[in-house]
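Trainee: I'd like to go over a predicted model; first the sequence, then the structure.
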Amino acid sequence: MKIEVVEKDDQYILNHCTKYLARESTDPRHDFGQYPPGDGRAAICEAWRFPVVDAHWDRVSAETSYRYNDVTFVYDGRRNPAESVAVLGTFGPLHAPVPMRPLLFADEPTGFHATTVRVPKAQVHAYKYAVDGAYVLDPVNPQRTVLDNGEAWSRFFTDGCGVPLVFSHVERDLLGRLVRHLLPFRLDENRRFVRQVYETLDRASRDEEFPLAYQLDDEVGTVNYIDKLVARQEQHHADDYHICLSLIGDILRFRFGGLDPASAPPEMYADLYREMETEKVDGWDYSRYGSPRFFLLLLRRHAMTGAFVHPKYGGNSGAAGWMYLESRFRDSADRTLFDWRQALESPLGHNTDYRG
C-alpha cells in the first residue's frame with residue numbers, strides 16, 4: 001500500500017492546531033469523564049480534533065478528490081523536544097514510517113512536528129509515533145484501540161466511516177429501534193420516501209454520491225452517526241449509552257416475555273419513552289443510572305442531529321435526510337425551500353466554490 005504524502009504549508013497546520021494545543025494551562029477542565037486521573041489530555045481543548053481529518057483537493061476536480069481525506073498528524077514536542085519524529089500506521093506499510101517535519105513560525109521552530117497523508121474515506125486506522133526511535137501513542141488524540149495482540153494504538157477514522165467502533169451488535173440493534181421512534185421517518189409515508197431514495201440509487205450511483213452510501217438502517221444511518229460521535233467528539237457519553245442500553249434491554253426483555261427487545265412492538269417503546277420523561281420507569285436500576293430522562297434527551301439530540309447532518313459524519317446516509325426535507329418543504333410554485341445541493345460541491349451538490 002503506497003503512502004501519498006500531501007504537502008501542506010506550516011501556516012495551514014498551525015492554524016488547525018495552535019488554537020487547541022498552544023496553551024500553557026494544565027487545569028484538567030476538558031475532562032468530562034473520558035480520561036483516567038492525571039491524564040495530560042484532560043488539559044487540551046477539543047483534543048478529539050487530532051489528527052486533523054480534512055477535505056482532499058487534488059487540484060483536478062471535486063469528483064476525483066471527493067473519495068479521499070487529508071489526514072494531518074501533529075506531534076507536540078515543546079516540553080520534550082525530539083530530534084526525529086515519524087508516524088506509522090495501518091494506512092500504509094508498518095515498516096515505512098512517514099517522517100514528520102518541524103513546523104516553523106516566522107522562521108523560528110515551534111516545537112510541533114507534522115505531516116499530512118492522503119487516506120481514502122470510510123476507513124478506520126491505528127497508528128503510533130516514532131519519537132527518537134521509541135514508539136509511543138499519540139499524546140493528544142483521545143481515541144485508542146487495542147489490537148488482537150493486546151497492544152494499545154492510537155486510532156482515527158475518515159469521513160463516512162461505517163465500521164462499528166463503540167457499540168456491540170446487540171447494542172446497535174436496540175439503538176436502532178430506540179431512534180426509529182424519535183425521528184420523522186417512522187411515519188409510513190416518510191419511511192416509504194426514504195426507502196425509495198435508497199432503492200432508486202443503483203450501486204454505481206451510491207458509490208459516486210458518497211462512499212458507503214447504502215441503507216445502513218431505516219433511520220438513514222443515525223445509529224452509525226451516534227457510534228462515530230461517541231467514538232470521537234462525545235466520548236465522555238460512551239458510558240451513558242452502555243449502561244442505559246443495558247438497562248433498557250433488560251426492562252423490555254422482561255416486559256416482552258424474555259424475547260429480543262429489538263423486535264418488541266412500537267407501543268412498548270412509546271410507553272417506555274413516556275416513563276423515561278417522568279423519571280419513573282418500572283424496573284429501572286437508579287443506582288446504576290440516576291436519570292432516565294437525561295439519557296432520553298441525550299438520545300433525542302443525537303438522533304435528530306444524525307438524521308440531518310452532513311453525510312461525512314456518518315449519518316444522513318446518501319443524503320436521504322436532506323432529500324426528505326427537500327421534498328417536505330416547498331413554496332406555492334412547488335419549488336423546494338431546502339435546496340441543499342447549491343451549498344455543496346460535486347458530486348453531492350453543484351456548488352463550484354465549496355470543498356469539504
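Mentor: Received, thanks. Because the structure is predicted, anything quoted here is derived from the model rather than measured. Numbers count the residues shown, from 1 in each chain.

Trainee: hey, which helix or strand in the protein has the poorest pLDDT?
Mentor: Taking all helices and strands of the chain together, the one with the lowest average confidence (mean pLDDT, DSSP states H and E) is helix 203-209, at a mean of 51.

Trainee: can you give me the helices in the stretch 251-356 of the chain?
Mentor: 266-277, 292-308, 320-328 (DSSP state H, counting those that start in this stretch).

Trainee: May I have the second one as CSV, with CA atoms only?
Mentor: What follows is helix 292-308, C-alpha atoms only, in CSV (Å, rounded to 0.1, in the frame of the first residue of the first chain):
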residue,chain,number,x,y,z
PRO,A,292,-33.5,8.1,32.6
ARG,A,293,-34.9,11.4,31.3
PHE,A,294,-31.3,12.8,30.9
PHE,A,295,-30.5,9.8,28.6
LEU,A,296,-33.7,10.2,26.6
LEU,A,297,-32.9,13.9,26.0
LEU,A,298,-29.3,12.9,25.0
LEU,A,299,-30.6,10.3,22.7
ARG,A,300,-33.1,12.7,21.1
ARG,A,301,-30.4,15.3,20.5
HIS,A,302,-28.1,12.8,18.9
ALA,A,303,-30.8,11.1,16.8
MET,A,304,-32.1,14.3,15.3
THR,A,305,-28.7,15.6,14.5
GLY,A,306,-27.6,12.3,13.0
ALA,A,307,-30.6,12.2,10.6
PHE,A,308,-29.8,15.6,9.1
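
Trainee: Packing partners of it?
Mentor: Secondary structure elements in contact with helix 292-308, counted by 3 or more CB pairs under 8 Å, 6 or more residues apart in numbering; DSSP states H and E, are helix 169-180, helix 222-231, helix 238-255, helix 266-277, helix 320-328. From N, CA and C alone the C-beta is placed, and that goes for glycine too.

Trainee: Out of the ones you listed, which gets nearest to Arg79?
Mentor: Distances from Arg79 to each of the helices and strands packed on helix 292-308 were compared using CB to CB; the minimum, 27.9 Å, belongs to helix 222-231.

Trainee: what is the rounded mean pLDDT of that closest one?
Mentor: The average of the pLDDT scores along helix 222-231 is 95.

Trainee: In CSV, list the C-alpha atoms belonging to that helix.
Mentor: Output of helix 222-231 as CSV, limited to C-alpha atoms (Å, rounded to 0.1, in the frame of the first residue of the first chain):
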residue,chain,number,x,y,z
THR,A,222,-28.4,7.6,12.6
VAL,A,223,-27.0,4.6,14.6
ASN,A,224,-23.8,4.9,12.7
TYR,A,225,-23.6,8.6,13.4
ILE,A,226,-24.1,8.1,17.1
ASP,A,227,-21.4,5.4,17.1
LYS,A,228,-18.9,7.8,15.5
LEU,A,229,-19.9,10.7,17.7
VAL,A,230,-19.4,8.7,20.8
ALA,A,231,-16.1,7.4,19.4
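
Trainee: Just the pLDDT for Val140.
Mentor: Reported pLDDT at Val140 in the predicted model: 95.

Trainee: State the distance from Val309 to Ser317.
Mentor: Taking CB to CB, to the nearest Å as the criterion, Val309 is separated from Ser317 by 10 Å.

Trainee: more crowded one of the two?
Mentor: Remark: of Val309 and Ser317, Ser317 carries more neighbours, 29 against 20, as counted by other CB atoms under 10 Å.

Trainee: thought that one was touching Pro311?
Mentor: Yes. With contact defined as CB atoms under 8 Å, Ser317 reaches Pro311; the gap is 6.3 Å.

Trainee: Now do the same contact list for the nearest residue to Val146 once chain neighbours are set aside.
Mentor: For Val146, ignoring the flanking residues on the chain, the nearest one in space by CB to CB, 6 or more residues apart in numbering is Ala152 at 5.4 Å. The neighbours of Ala152, taking CB atoms under 8 Å, 6 or more residues apart in numbering as the test, are 137, 144-146.
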